[in-house]
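Asks: sequence below, structure please.
(chains A, B, C and D, ligands or ions: 2)
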Number of protein chains: 4
Amino acid sequence: DYQMYCGEEEISEQFVKLNVGGQRFMLRKDTIRRRGVGRLLDLINKPVADSNADAFFSSTSEFYFERPPSLFHIVYQFYLNGVIHQPSNLCPVDIIEELEYWRIIPDQYLASCCCAQQIDDDDEEVEEQDKPNLFKTLRFGEIRRCVWNIIEEPASSGKAQAFAVCSVVFVLISISGLVLGSLPELQVATKQRNNLTGEEFTEMEPMPILGYIEYVCIVWFTMEYGLKMLVSAERSKTFRQLLNIIDLLAILPFIIEMLLLIFGISTEQLRDLKGAFLVIRILRVLRVIRVLKLGRYSSGLQMFGKTLKASFRQLGMMAMVVMTGVIFFSTLVYFLEKDEPASKFHSIPAACWWCIVTMTTVGYGDLTPVTVPGKLVATGAIACGVLVLALPITIIVDNFMKVAETERPAGGNRYRTSQYPKATKSEQMILKVT
Amino acid sequence: DYQMYCGEEEISEQFVKLNVGGQRFMLRKDTIRRRGVGRLLDLINKPVADSNADAFFSSTSEFYFERPPSLFHIVYQFYLNGVIHQPSNLCPVDIIEELEYWRIIPDQYLASCCCAQQIDDDDEEVEEQDKPNLFKTLRFGEIRRCVWNIIEEPASSGKAQAFAVCSVVFVLISISGLVLGSLPELQVATKQRNNLTGEEFTEMEPMPILGYIEYVCIVWFTMEYGLKMLVSAERSKTFRQLLNIIDLLAILPFIIEMLLLIFGISTEQLRDLKGAFLVIRILRVLRVIRVLKLGRYSSGLQMFGKTLKASFRQLGMMAMVVMTGVIFFSTLVYFLEKDEPASKFHSIPAACWWCIVTMTTVGYGDLTPVTVPGKLVATGAIACGVLVLALPITIIVDNFMKVAETERPAGGNRYRTSQYPKATKSEQMILKVT
Amino acid sequence: DYQMYCGEEEISEQFVKLNVGGQRFMLRKDTIRRRGVGRLLDLINKPVADSNADAFFSSTSEFYFERPPSLFHIVYQFYLNGVIHQPSNLCPVDIIEELEYWRIIPDQYLASCCCAQQIDDDDEEVEEQDKPNLFKTLRFGEIRRCVWNIIEEPASSGKAQAFAVCSVVFVLISISGLVLGSLPELQVATKQRNNLTGEEFTEMEPMPILGYIEYVCIVWFTMEYGLKMLVSAERSKTFRQLLNIIDLLAILPFIIEMLLLIFGISTEQLRDLKGAFLVIRILRVLRVIRVLKLGRYSSGLQMFGKTLKASFRQLGMMAMVVMTGVIFFSTLVYFLEKDEPASKFHSIPAACWWCIVTMTTVGYGDLTPVTVPGKLVATGAIACGVLVLALPITIIVDNFMKVAETERPAGGNRYRTSQYPKATKSEQMILKVT
Amino acid sequence: DYQMYCGEEEISEQFVKLNVGGQRFMLRKDTIRRRGVGRLLDLINKPVADSNADAFFSSTSEFYFERPPSLFHIVYQFYLNGVIHQPSNLCPVDIIEELEYWRIIPDQYLASCCCAQQIDDDDEEVEEQDKPNLFKTLRFGEIRRCVWNIIEEPASSGKAQAFAVCSVVFVLISISGLVLGSLPELQVATKQRNNLTGEEFTEMEPMPILGYIEYVCIVWFTMEYGLKMLVSAERSKTFRQLLNIIDLLAILPFIIEMLLLIFGISTEQLRDLKGAFLVIRILRVLRVIRVLKLGRYSSGLQMFGKTLKASFRQLGMMAMVVMTGVIFFSTLVYFLEKDEPASKFHSIPAACWWCIVTMTTVGYGDLTPVTVPGKLVATGAIACGVLVLALPITIIVDNFMKVAETERPAGGNRYRTSQYPKATKSEQMILKVT
Ligand SMILES: [K+]
Ligand SMILES: [K+]
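Replies: Ligands and ions are numbered 1, 2, ... in the order given. Model (predicted):
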């Protein structure tokens, strides 16, 4: 930092004197030149007559700008430090309008500490916007892009929208089929024979019609998934996306059954082999995965998912606390109650189930402590549960609010506007800027 | 934007120099003229002697105003941009008083981004205030207006108040009648005969006295509703209002019975027809609608209704998440528990009921999982429920606070005053302004 | 508002020019005189040499004060309007120190809109401080004041403290006696004879020792209450205080029994008269009132009580919503379930009990809906409960925070310090001021 | 406070005139000298040519600093009062950068009222950093320090990390052993003989292999604890730490058994003595303490512990309210229900259990009121519970947030940054300063 002795003359030469609404500011011309942007650049690069100021007071060599002085502080600080800090008491819309007047594009200079609330998956969104270009260099690129858009971008065309509606309908039909098939009224008794022992036994199975509907849905899902993988420009990336993994898991039972059929093995034969039977049961349970396909079409589910992702670390910590509490209290209550004949606490895992049900205040009442020390421990567990469960509530709510904010119309929420929930006019203004 | 070179002389001619409590502000006279309002207008339109300033310093040509400089920034910015932005650190009452001094009516110029929190149904209220005029052009306009006010505007006169009290009493009597009629102690056995089979059977029915009371109440409700529709100036609009739809539904069972009587059909005869019997049951259930009539007389219920309306979108999203969770976990638990003899999960809908009861931590315990995998799924469902249910709490609380704020004395809450819950003096001041 | 044309001379005569840390402020001498307080008064009343300013610049006739200009805005505005508005971005401790320097006692001038959060019962506290004087004009004033202090002001002396400890011990003993007396292990069978029919029957009664302890406690309570009423300076006011009403109710069963004894009636005789028997049961239930006597000695209970009092209106509104919801859903579920043989919804009041238990997510499971429509209504009730119960939580928490804040060391929380939870040093400073 | 009449000359002599970005500030040289720190010191101690200012305007004798004037207010106030008050509307990172420029080290001067949120255990941390020095003066100091670091400072070396992993594994194995040993499937029947009566009876005991695993774990724990106490530099302090007390309690049953063995007493013999039997049961229950050893290795548990510690006073108050409520409502319901044959409220303690279960909305349903007054009291208890339990939620959440904040990277959270959750860049900046 060098020093200067300046007379009034020298000051006018080296400095720009600003009169912003009556209040005076001074800036070295070097500083403005170094920053190299904004309306003030005209004051040093152009003759006074073209300086874009509202007036020039020749007696004091001041450039007059009819702007609010309180907001100019932000502009002034930007010229000094090159970053925009946002005072929390001023309206963000107001600040943006002011920066617009001074020809400063806020997005580039917002300080990370107090202005922008960037969300991690910003890059994801950006990537998605650039993806269509990937198809250009591929074989059948145009057709693949077209099919991809129909399947993955419902907003891109009428056909894509129709396809999305179709998909939702098939998902709903398939879920309904699953639910209805479980109703005893819609089940029929089928005779089964144990291949090993040869014994016959009847089993309740869903009506055949539900099976046919199921097949149609699965075929659609398989087609959808196959087509998507076929046309995808980045197959491995598409394959690894959560929603596509769900899609695959939803059709996996069907695919495996197909494969077995091809190899000439019917599921009826497998039923009698212990290990294979377990696989079949797991495959049957896997049918439930299709419910998660709804996540693709519901903004609520997606927001909830993002919230969970954002709260992952904190929820993990809380889970640790809950688990420790559960083991601690259930071990305690087990040792205190185990010798009581009326007690149902037959093992620590059984006590754990009681403890989870109690600490979350669900309280089924299927097993309850019967001794006085057991009840005292239960009181402790309840108190602990009430206290522990208060924490994730706040954590998740906090993160949910942040996620909800970033879901609003594009670009409108880069600034601290959480306090201004109904900024319709402002959002348009901000949109113009960003 | 034009440019000017100004000597001290020219400046005095084109500019107004202000000394606000020692701090200097400058404004072009054109800018003040363009805005066309406020105390500063006097400085350019009137001779200096009538300028309403606290002093004029001839040596510097400054108008002196003995006002706080920190608040004048808002006024200054108003003259520049024509809108009032409200810094969050300053007291809103203070700002309003200052604007009052400067003769600026804040309501017209408040920026939508940081000041006014307009509620959607403002127009509704405005409409209501203008409604009385509608009667002028109608036949029997004066009488209809008079009756309308008695029925719909309890605050308008003593008679209207008496009518409102009467209505509340009748609603309460009718609800009490319904509740008491369900007590076995107040029921009498009546002999019924099945018209088709001719079999006799006894049925418990409420005591006759309760039926008479019921009739009186229904007659009053019908009269009230009929009268209201008769005198209403905008019948179709009145008909479509939620509270009036409730009124209609509350008397519908009675009306239908009357109509059937007119056509010579007794409900006893209908009892034996399958379809008609269902209609009768539905009509009987419809009696409960009268409970909702209380909504007209309770500010708590109205606020809750408005809160629900404001949270509609978010609650819908959360309902979607809960529904998906319920179907997912109940399908899982069904498949895991269905082969267990001790288990009561006989179908997915039955498991759904368990899942709703569990995720909301109600936990009746009427059916609980008995296998270890089932209990693990239940733990997942409980965790999911605890996390999901944390969200609507915050959402609804947020919206409730906003609704509660707008319910305060008229006009007093246009400004960001949520931080100042006990602004009794300020409210009067604000009232004076708005 | 009059006008003036002032040369530099006149300005110095009529105005006080201030240079606060380099920033200029001006004030008319009349304005300072009108306000009549503070350090600025010296500038006009005393010669320049005694003006208490840090310096006087004769070239510009400015009084120099080496104080932060940003804080002087508050002082300046005080001289203009006579009230102190507190900007929310500045530290309250800082403001108070600044006002102290300017010799302005903040308590008198704080604007009600943004500074002071007066609590309603301030006057109560004030009254209490002045009460001792009331004894002066009474007969035996000094003795009565002395006894009063021992009973009612535990902090006044060692004896008073010992008395308070004694009272707490007696309350705890008396509660313990009540609790222990209910244990079957500590009860003895006593033979009772029905005076009318002459039949004998055995009844379990607490052991005699517990009865004696009970008597001792009651005698102490009666003595305490009698003494308090005897020496009270304002008997009717003391009588009407909530805590004293509780004290009276706690000894009422004993007093009534005494009165009956005096009139020669034993409770054994009354037992056989229907009406009197009810009175005895009510008297027995009244014993529980002594638990509330703990409220006098627990700050937690007092804060909870004050919180409830402050939330009264809102909780009332919410109670209305809950009650309407309970009646609505229980009527619905009753009509839907009443014809189901397995259902336990025998009447609407029974359904109300279920509905309360369900909406609050307690969920005993003693009665649950069994039909599908009943379960759907139950789901609605649960959803309604979850939403409604979210509201009082926020309301009560809000009010609790306010109450908790006012309970801190005297005077330290008059200002908006909720954001500064650990203001130990500041509290001392504020204490010095207030 | 002395007075001065100053001409322009004298002012330049006694005062430093500052032009910060166009805005003027004045300070007495004495004031700067008294403070004795910061960049302004150069202005009075060094010749103008070395003053480190950006410029010097000889015409007005002003030192020019090209810094934002709004932030200089903080610096100015620091020179006056010697403390730094932090306006809440400005970005803390911005303030710190500015103070850095002015060469003021913020940590020393932050006002306790609005800046620093010191946590109580700061001194603890400081102490811990200085502890290694304690070993220097001890016998075998270097070896002891080395062993200590391996046991207590997992981050100090690879060996220490391996030791920590080992410890966690042993804790987990020992907990798993405890849990598995309770499963009936993993238990074997052992014949026991009552030494006094000589009767034989079978008892279920964990499989021997689990006992051996248990012994290995206990030996490790004992070794770990013994070693730690052996090498500790401050034995009594180490002994009194909560985590070490837990370690001791976890091995206590084993130690006592060893001691008994040494004295030739087997636990089998003690089993028949009433008092000794109780001791054995307590020792068995003490095994659960090992679960708490997890607290040493989980940041979630530690944060929860600190949160509880910070909320201690408030939770105690709430516990008092809950206890009073429990006793009040359970006494009430006992007196109202005791004469009902169907009621299970056999004593007040039994009713207390019901009341706790009800007020926390757990609602097992193992005992429920059956009379109408009992149900009304239950409704009151539920309402009371819902209201009371809302309070600790907020309290604990508040304190948890504060604890969570102080757990972030060192020094990064000394300033009010709770509003800026994603201050990655800023944290680095702040780190540089502190
Ligand atoms: K329950
Ligand atoms: K529950």
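
Asks: what's the helix or strand hosting A:Phe328 packed up against?
Replies: Secondary structure assignment for A:Phe328, by DSSP states H and E: helix A:312-337. For helix A:312-337, the elements it packs on are helix A:348-359, helix A:372-406, helix D:158-181, helix D:274-286, helix D:299-310, judged by 3 or more CB pairs under 8 Å, 6 or more residues apart in numbering or on different chains; DSSP states H and E. From N, CA and C alone the C-beta is placed, and that goes for glycine too.

Asks: so for C:Tyr225, which of those helices sits nearest?
Replies: helix A:372-406 (34.3 Å; CB to CB).

Asks: the closest one near chain D at all?
Replies: Yes. Using CB under 8 Å from any CB of the partner chain, we find that helix A:372-406 touches chain D at A:Val372, A:Lys375, A:Thr379, A:Ile382, A:Ala383, A:Val386, A:Leu387, A:Val388, A:Ala390, A:Leu391, A:Ile393, A:Thr394.

Asks: which of those sits closest to ligand 2?
Replies: A:Ile382 (10.7 Å; CB to the ion).

Asks: out of the helices and strands packed on helix A:312-337, indicate the one that is most buried.
Replies: Using mean count of other CB atoms under 10 Å in any protein chain shown, the stretch among the helices and strands packed on helix A:312-337 with the largest mean neighbour count is helix A:348-359, at a mean of 25.

Asks: got a list of contacts for that one?
Replies: A:322, A:325-327, A:329-331, A:333-334, A:337, A:344-345, A:363-364, A:366-368, A:378, A:381-382, A:384-385, A:388-389, B:363, B:372, B:375, B:379, B:382, D:178-179, D:182-183, D:362 (CB atoms under 8 Å, 6 or more residues apart in numbering or on different chains).

Asks: show me which residues of stretch A:228-240 are buried.
Replies: Judged by neighbour count using 16 or more other CB atoms under 10 Å in any protein chain shown, the buried positions of stretch A:228-240 are A:Lys228, A:Val231, A:Ser232, A:Ala233, A:Thr238.

Asks: next step: the residues you listed restricted to strands.
Replies: Counting by DSSP state E, no part of those is found in strands.

Asks: ok, which pair from those residues is furthest apart?
Replies: Top of the distance list for the buried residues of stretch A:228-240 (CB to CB): A:Lys228 and A:Ala233, 11.1 Å.

Asks: overlap in contacts, the two.
Replies: In contact with both A:Lys228 and A:Ala233: A:Trp148, using CB under 8 Å, 6+ apart.

Asks: residues near A:Ala319, how many?
Replies: A count of nearby residues for A:Ala319, using other CB atoms under 10 Å in any protein chain shown, gives 14.

Asks: now do the same for it: its pLDDT.
Replies: A:Ala319 is assigned 89 on the pLDDT scale.

Asks: hmm, stretch A:32-41 in reach of chain B?
Replies: No. For a cut-off given as CB under 8 Å from any CB, stretch A:32-41 has no contacts with chain B; the smallest distance is 10.4 Å.

Asks: tell me the spacing between the closest residue to ligand 1 within chain A and A:Cys355.
Replies: Using CB to the ion, the closest approach of chain A to ligand 1 is made by A:Gly363 at 3.6 Å. Look at A:Gly363 and A:Cys355: by CB to CB, to the nearest Å, they are 11 Å apart.

Asks: so A:Glu203 is in which element?
Replies: Judged by DSSP H and E, A:Glu203 forms part of strand A:200-206.

Asks: in the stretch 51-200 of chain A, where is pLDDT below threshold?
Replies: The stretch 51-200 of chain A contains residues with pLDDT under 70 at A:114-133, A:193-196.

Asks: let's see 90
Replies: A:51-158, A:160, A:178, A:181-182, A:184-200 (pLDDT under 90).

Asks: hang on, the earlier thing: dump the residues of helix A:372-406 next to chain D into a markdown table; add distance to ligand 2 as well.
Replies: Output for the residues of helix A:372-406 next to chain D, formatted as a markdown table (distance: CB to the ion, whole Å):
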| residue | distance to ligand 2 |
| --- | --- |
| A:Val372 | 23 |
| A:Lys375 | 17 |
| A:Thr379 | 15 |
| A:Ile382 | 11 |
| A:Ala383 | 15 |
| A:Val386 | 12 |
| A:Leu387 | 17 |
| A:Val388 | 16 |
| A:Ala390 | 16 |
| A:Leu391 | 20 |
| A:Ile393 | 16 |
| A:Thr394 | 21 |
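
Asks: what's the closest of these to C:Asn81?
Replies: A:Thr394 (40.8 Å).

Asks: excluding covalently adjacent residues, which one is nearest to that closest one?
Replies: D:Val397 (4.4 Å; CB to CB, 6 or more residues apart in numbering or on different chains).

Asks: who's in contact with that neighbour?
Replies: A:Ala390, A:Leu391, A:Ile393, A:Thr394.

Asks: residue nearest the centroid of chain A?
Replies: The C-alpha lying nearest the average C-alpha coordinate of chain A belongs to A:Lys306 (CA atoms, centre = their mean; 2.3 Å).
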